[in-house]
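*Asks:* after the sequence you'll find the predicted model.
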Amino acid sequence: DTGVSQNPRHKITKRGQNVTFRCDPISEHNRLYWYRQTLGQGPEFLTYFQNEAQLEKSRLLSDRFSAERPKGSFSTLEIQRTEQGDSAMYLCASSLDIAEAFFGQGTRLTVV
Amino acid sequence: DQQVKQNSPSLSVQEGRISILNCDYTNSMFDYFLWYKKYPAEGPTFLISISSIKDKNEDGRFTVFLNKSAKHLSLHIVPSQPGDSAVYFCAASIGTASKLTFGTGTRLQVTL
């Protein structure tokens, strides 16, 4: 297992378009997290799954954002009607019932 | 409301000397603390953690100290090496299996 994998690594999209990111966690990890990081800030929590259940969502996660983890394995994060303020690095992390989460390399989104 | 604060955006240390990175938190519910290291274009990598029942945890060149009464923790790197040059994030959680709240990071540069 090579760790947490995120695709794509980079995405440039026009304002108003929809985008979807994928995260493949470490295979035996039951918890999967999405974070967002903007320049000069630390990662900010967006949402997390335990297996296929979405257990918590941040108030940062507006109605335009939706995340799924349909079979408790990979996860997708979709942003509808993108805005320039959505430009950020989107990080996925996974863990096995512990706080020490392993992060992927992230997807850098640029909305133009 | 920044619950985890890293007040030094950057730190420069000579190779072989000690690096001390500081972190303060405001939420008294936090009881588990972690340090992550991040290189450019990579996701954060877990370094070391400490539970609130301890005041020190050591792993090789890395030691984390926790002062609960002051709501302060620090990461000591001894001796510092050029490969330690990165951004270091302090993170906190409530319990050992929940989301992480990150600080804004400290950029460490280890010079020759």
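*Replies:* Nice, I can see it. Numbers count the residues shown, from 1 in each chain, chains lettered A, B, ... in the order given.
*Asks:* give me the secondary structure label for residue A:85.
*Replies:* helix (DSSP: H, G, I helix; E, B strand; the rest coil).
*Asks:* contacts only, for it.
*Replies:* Residues counted as contacts of residue A:85 (CB atoms under 8 Å, 6 or more residues apart in numbering or on different chains) are residue A:111. Any C-beta I mention is one placed from the backbone N, CA and C, and that applies to glycine too.
*Asks:* low-confidence regions, chain A specifically.
*Replies:* Low-confidence segments of chain A, defined by pLDDT under 70: A:1.
*Asks:* which SSE is the spatially most central residue of it in?
*Replies:* Centroid-nearest residue in chain A, with CA atoms, centre = their mean: residue A:34, separated by 3.6 Å. Per DSSP states H and E, residue A:34 falls inside strand A:31-37.
*Asks:* now residue B:48
*Replies:* If you go by DSSP H and E, residue B:48 is part of strand B:45-51.
*Asks:* for that strand, which positions count as buried?
*Replies:* Using 16 or more other CB atoms under 10 Å in any protein chain shown as the burial criterion, the residues of strand B:45-51 that qualify are B:46-50.
*Asks:* wait, does stretch A:68-78 contact chain B?
*Replies:* No. Contact of stretch A:68-78 with chain B (CB under 8 Å from any CB of the partner chain) is absent, the minimum separation being 14.8 Å.
*Asks:* list the contacts of that stretch.
*Replies:* Stretch A:68-78 is contacted by residues A:18-25, A:27, A:30, A:32, A:34, A:46, A:49, A:51-52, A:54, A:65-67, A:90, A:92 when judged by CB under 8 Å, 6+ apart.
*Asks:* in it, what's buried?
*Replies:* A:69, A:74-75, A:77.
*Asks:* before we move on, what about stretch B:30-42?
*Replies:* Within stretch B:30-42, the residues scored as buried using 16+ other CB under 10 Å are B:30-38.
*Asks:* just the CA atoms of that stretch, as CSV, please.
*Replies:* Taking Å, rounded to 0.1, in the frame of the first residue of the first chain, the C-alpha atoms of stretch B:30-42 are listed here in CSV:
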residue,chain,number,x,y,z
PHE,B,30,-8.4,19.3,23.7
ASP,B,31,-6.7,16.3,25.2
TYR,B,32,-4.5,15.0,22.3
PHE,B,33,-1.9,16.9,20.5
LEU,B,34,0.1,16.2,17.3
TRP,B,35,2.9,17.7,15.2
TYR,B,36,2.9,17.4,11.5
LYS,B,37,5.6,18.4,9.0
LYS,B,38,4.9,19.6,5.5
TYR,B,39,7.2,19.9,2.5
PRO,B,40,6.1,22.0,-0.5
ALA,B,41,3.7,20.1,-2.8
GLU,B,42,3.2,17.3,-0.3
